[in-house]
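**Student:** how would this look folded up:
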Amino acid sequence: MNHSLKSWNTFGIDQSANEIVCAENEQQLLNAWQTANAKQQPVLILGEGSNVLFLNAFHGTVIINRIKGIEVTEQPDAWHLHVGAGENWHQLVQHTLQLGMPGLENLALIPGCVGSSPIQNIGAYGVELQRVCDYVDCIELATGTPHRLSAKECRFGYRDSIFKHEYQDRFAIVAVGLRLSKQWQPVLTYGDLTRLDPATVTPQQVFDSVCHMRMTKLPDPKVNGNAGSFFKNPVVTVDVAQALLSEFPHAPHYPQADGSVKLAAGWLIDQCQLKGIGIGGAAVHRQQALVLINADNATSEDVVQLAHLVREKVGEKFNVWLEPEVRFIGQVGEVNAVEIIA
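**Tutor:** Numbering: from 1, shown residues only. The predicted structure is shown next:
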């Protein structure tokens with residue numbers, strides 16, 4: 001049987017899977033995985049499909065994780081949240097603010113589910129998930145054994161975690177534990193947030209500003225399919241950064257704690273005059289060069305060719321080689337995105 005994945009990925013790419021199963025609890029998720037495993041079929045667990053590009057038809061079962069629930073416990077110094085992996089991330093951000101529990105406002109409007117947030121160590125406007133993550137609950141798919149990983153055990157890095165490595169195919173995330181400190185400190189280091197006054201700003205004002213920036217710069221997936229930021233912001237050595245800045249002194253750059261320097265991928269792409277350029281039905285978004293969009297019934301091959309073009313142009317001009325943030329899914333599972341577009 002071929003089941004369309006078009007409505008299960010925000011890129012709106014028309015690929016299919018042998019089976020699609022919606023799991024509303026751990027047992028349903030385990031049953032679906034074990035049934036597919038018994039048939040020796042590959043399995044892909046998806047949240048909202050907001051960070052994937054399907055390259056081919058998927059020759060197996062796609063399990064949609066819809067495990068819900070938000071529990072809050074209050075301590076003298078912080079609120080502790082236990083959130084089901086299938087909850088919508090942005091709705092969680094709104095919910096916590098409505099309850100007077102700030103800390104997630106910089107991460108507003110990031111698409112996807114809560115269960116996907118630790119995989120990527122999602123981040124925006126100076127805040128990453130690891131800042132608020134307490135633990136991640138997952139189950140070992142082969143045995144059903146529950147595991148709780150502390151934030152440290154998750155090995156968070158820039159858009160990276162243990163869930164992209166050892167834990168990738170053997171475990172499913174079922175819940176995320178968050179700690180929101182009552183000693184709220186606004187993070188106002190990026191974009192329009194730098195104009196806000198740290199002495200008087202409220203969490204709601206930070207939230208509103210982040211939403212405004214995202215909505216004015218980023219396309220609505222319901223109008224033009226996309227997977228948000230297509231490329232990671234490259235992290236380079238000081239030598240590479242200094243060479244680039246000697247030629248392009250106005251290039252945005254952000255020194256990191258480990259001595260490396262993060263560059264702005266969107267700026268690099270923009271400098272290559274690539275906004276609006278298209279291949280087939282895929283195009284570089286006109287407002288935010290970091291986003292590739294499905295402008296007109298794009299195929300996955302259109303997106304791959306466009307990503308290749310962008311990577312080549314930026315590499316030729318700056319000697320910096322972009323890597324996709326989006327996960328590329330082949331016939332039987334995730335494949336190396338850099339190798340596909342190189």
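
**Student:** for residue 180, identify the helix or strand it belongs to.
**Tutor:** strand 171-181 (DSSP states H and E).

**Student:** helix or strand next in line after that strand, which one?
**Tutor:** Using DSSP H and E, the helix or strand that follows strand 171-181 in sequence is helix 203-217.

**Student:** C-alpha coordinates for that next one, CSV please?
**Tutor:** What follows is helix 203-217, C-alpha atoms only, in CSV (Å, rounded to 0.1, in the frame of the first residue of the first chain):
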residue,chain,number,x,y,z
PRO,A,203,8.4,38.1,28.6
GLN,A,204,5.3,38.8,26.5
GLN,A,205,7.1,41.7,24.7
VAL,A,206,10.0,39.3,23.9
PHE,A,207,7.5,36.8,22.6
ASP,A,208,5.6,39.4,20.5
SER,A,209,8.9,40.6,19.0
VAL,A,210,10.1,37.1,18.2
CYS,A,211,6.8,36.3,16.6
HIS,A,212,6.9,39.5,14.6
MET,A,213,10.4,38.8,13.3
ARG,A,214,9.6,35.3,12.3
MET,A,215,6.3,36.1,10.6
THR,A,216,7.8,39.0,8.6
LYS,A,217,10.9,37.0,7.5
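
**Student:** can you map out the strands along the stretch 201-342 of the chain?
**Tutor:** Ranges of strands in the stretch 201-342 of the chain, per DSSP state E, counting those that start in this stretch, are 225-229, 235-236, 253-255, 261-263, 278-279, 282-284, 291-294, 327-329, 334-335.

**Student:** so where's the stretch 1-150 of the chain shaky on pLDDT?
**Tutor:** Scanning the stretch 1-150 of the chain for pLDDT under 70 picks out 1.

**Student:** how about the strands in it?
**Tutor:** 3-4, 16-23, 43-46, 52-54, 58-65, 70-74, 78-84, 123-124, 127-128, 133-140, 146-150.

**Student:** give me whichever of those is most buried.
**Tutor:** strand 52-54 (a mean of 24; mean count of other CB atoms under 10 Å). The C-beta positions use only the backbone N, C-alpha and C, and glycine is treated the same way.

**Student:** so what's residue 32 closest to, chain neighbours aside?
**Tutor:** residue 21 (4.2 Å; CB to CB, 6 or more residues apart in numbering).

**Student:** for that neighbour, give me its contacts.
**Tutor:** Residues in contact with residue 21 (CB atoms under 8 Å, 6 or more residues apart in numbering) are 28, 32, 61-64.

**Student:** which two of those residues have the greatest separation?
**Tutor:** Greatest spatial distance among the contacts of residue 21 (CB to CB): 28 and 62, at 13.8 Å.

**Student:** and residue 9, how many neighbours?
**Tutor:** 24 (other CB atoms under 10 Å).

**Student:** show me the contacts for residue 32.
**Tutor:** So residue 32 contacts 21, 23, 43, 61, 63 (CB under 8 Å, 6+ apart).

**Student:** how far does the strand holding residue 180 sit from the chain's center?
**Tutor:** 16 Å (CA atoms, centre = their mean, to the nearest Å).

**Student:** each with direction, which strands does it pair with?
**Tutor:** With DSSP bridges as the test, strand 171-181 is paired with strand 78-84 (antiparallel), strand 133-140 (antiparallel).

**Student:** what's near enough to touch residue 30?
**Tutor:** The contact partners of residue 30, by CB under 8 Å, 6+ apart, come to 139, 141, 144.

**Student:** please redo it, this time with the cut-off set to 6 Å
**Tutor:** residue 144 (CB atoms under 6 Å, 6 or more residues apart in numbering).

**Student:** relative to residue 98, how far out is it?
**Tutor:** According to CB to CB, to the nearest Å, residue 30 stands 33 Å off from residue 98.

**Student:** re earlier: for the strand holding residue 180, which positions count as buried?
**Tutor:** Neighbour-count burial for strand 171-181, counted by 16 or more other CB atoms under 10 Å, picks out 171-180.

**Student:** then stretch 250-259?
**Tutor:** Buried residues in stretch 250-259, counted by 16+ other CB under 10 Å: 251, 253.

**Student:** what does stretch 96-113 give?
**Tutor:** 96-97, 101-113.

**Student:** what do you get for stretch 194-207?
**Tutor:** For stretch 194-207, by 16+ other CB under 10 Å, it's 203, 206-207.

**Student:** now tabulate the strands of the stretch 1-150 of the chain in TSV and tack on distance to residue 267.
**Tutor:** Listed next are the strands of the stretch 1-150 of the chain as TSV, based on distance: least, CB to CB, whole Å:
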stretch	distance to residue 267
strand 3-4	37
strand 16-23	37
strand 43-46	31
strand 52-54	23
strand 58-65	35
strand 70-74	37
strand 78-84	34
strand 123-124	16
strand 127-128	20
strand 133-140	29
strand 146-150	35
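
**Student:** out of the ones you listed, nearest to residue 247?
**Tutor:** Using CB to CB, the strands of the stretch 1-150 of the chain put strand 123-124 closest to residue 247, at 28.2 Å.
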